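Visitor: Sharing a sequence plus its predicted fold:
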Amino acid sequence: MVTHAPRSCRRCSAAFSDGAVTAIGRRQVFDLPAARVEVTEHEAEARRCDTCGERTKYGEYRRCRHSPCGAHLLRVLVYVEEVSPDRRQWVEPLIKLLLDMKAAAGRARDAGLGALGEEARAKFINRYDRLVRRGERINPLPLKERPDPGLPRFKVARVKRLSPVRPLPTRLRERREEVLRFMTDLAVPFDNNGSEINLRMVKLWQKIGGCFRTEEGAEAFRRIRSYLSTARKQGHGVLPALERAFRGNPVTFPPKKE
């Protein structure tokens, strides 16, 4: 409890010493306790081969399935197209291909299918491989380390980077399975925009209101946002879902079938 006492009379400005307390007004501020965060640091090592001098980085956490955000990848491709117009011949059709894959995966998901047909999937993958190979042919070799016969064993010579774009098609080739996971596994979305949207309102509330005054208020906000987000994903309108909730008959969400 913190006591706040006036220091002087507001009429004559006489200082208070032990003046009688005639009334007490109480206001309470509820602060959420600080969350305890447990941090596990993962270190990805890069090692140099003693045989050939090649440097290899760890790029796979085996307990997770990786899938890059398709929206971010499209933005990178648009940037490459803008800064290097001569790369348009492989970047532009690759953007269209990714959007075609996204549309096909969406139609299959809406139809209740678990995966695209083998023929359609094979055609998409073949087109993807051709475009990535074209990108590697168009772009010169990147900065690389390789043994130099003229140097002592295990010494390396650096090759000058001729194109800043080259690492992109190389990564697209090496990580094709991860990039196209949204097409081969329809449970994986094309992008992570859904997660960002769900978090955005919480951050917006913090920006406007600063914090929640009570734990009950924070819990109510979380339940409302979760209810509306799930209703929208299940094809229900936001206003009808709210109306049903106020009438005591909220939208119910059956458990997902395995």
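Guide: Sure, I can see it.

Visitor: Centroid-nearest residue for the chain?
Guide: Asn192 (4.9 Å; Cα atoms, centre = their mean).

Visitor: Arg107: neighbour count?
Guide: Arg107: 11 surrounding residues under other Cβ atoms under 10 Å. For the C-beta atoms, the positions are set from N, CA and C on the backbone; glycine is no exception.

Visitor: Next one: it from Leu204, what distance?
Guide: Going from Arg107 to Leu204 by Cβ to Cβ, to the nearest Å gives 33 Å.

Visitor: With Arg133 instead?
Guide: Taken as Cβ to Cβ, the span from Arg133 to Leu204 is 44 Å.

Visitor: between these two, who's got more neighbours?
Guide: Taking other Cβ under 10 Å, Arg133 and Leu204 do not tie; Arg133 has more neighbours (13 against 10).

Visitor: The more buried one is in what secondary structure piece?
Guide: Assigned by DSSP states H and E, Arg133 falls within helix 118-138.

Visitor: Equivalent analysis for Leu239, please.
Guide: Remark: Leu239 resides in helix 238-246, with elements defined by DSSP H and E.

Visitor: who touches that helix?
Guide: Residues outside helix 238-246 that contact it (Cβ atoms under 8 Å, 6 or more residues apart in numbering) are 227-228, 231-232, 250-251.

Visitor: Centre of the chain to it, how far?
Guide: Distance of helix 238-246 from the chain centroid (Cα atoms, centre = their mean, to the nearest Å) equals 29 Å.

Visitor: Just the CA atoms of that helix, as CSV, please.
Guide: Only the C-alpha atoms of helix 238-246 are listed here, as CSV (Å, rounded to 0.1, in the frame of the first residue of the first chain):
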residue,chain,number,x,y,z
VAL,A,238,-17.2,-12.0,-37.5
LEU,A,239,-20.4,-10.1,-36.8
PRO,A,240,-22.7,-13.3,-36.9
ALA,A,241,-20.2,-15.0,-34.6
LEU,A,242,-20.4,-12.1,-32.2
GLU,A,243,-24.2,-12.0,-32.3
ARG,A,244,-24.4,-15.7,-31.5
ALA,A,245,-22.0,-15.3,-28.6
PHE,A,246,-24.1,-12.4,-27.1
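
Visitor: Looks like Leu74 contacts Leu94 (just checking).
Guide: No: look at Leu74 against Leu94 with Cβ atoms under 8 Å: they stay out of range, at 9.5 Å.

Visitor: Where does pLDDT dip in the stretch 51-200 of the chain?
Guide: Low-confidence segments of the stretch 51-200 of the chain (pLDDT under 70): 59-63, 140-166, 195.

Visitor: Could you pick out the longest helix of the protein?
Guide: helix 88-110 (DSSP state H).

Visitor: Now that one: buried residues?
Guide: 90-91, 94-95, 98, 101-102, 104-105, 108 (16 or more other Cβ atoms under 10 Å).

Visitor: all helices of the protein, in order?
Guide: Secondary structure of the chain (DSSP H): helices located at 70-83, 88-110, 118-138, 167-174, 176-179, 181-184, 193-209, 215-233, 238-246.

Visitor: To Ala46, which of those lies closest?
Guide: Comparing the helices of the chain against Ala46 with Cβ to Cβ, the closest turns out to be helix 167-174 (15.3 Å).

Visitor: Now do the same contact list for the nearest residue to Gly114 once chain neighbours are set aside.
Guide: Once flanking residues are discounted, Gly114 sits nearest to Leu186: 6.1 Å by Cβ to Cβ, 6 or more residues apart in numbering. Shown in contact with Leu186 (Cβ under 8 Å, 6+ apart): 105, 108-109, 113-116.

Visitor: next one: Ala34
Guide: Ala34 sits next to no residue when contact means Cβ under 8 Å, 6+ apart.

Visitor: Starting from Cys211, give me the distance back to it.
Guide: 12 Å.

Visitor: next one: Glu43
Guide: 35 Å.

Visitor: higher neighbour count, those two?
Guide: Cys211 (12 against 5).

Visitor: Thanks again, I'm all set now.
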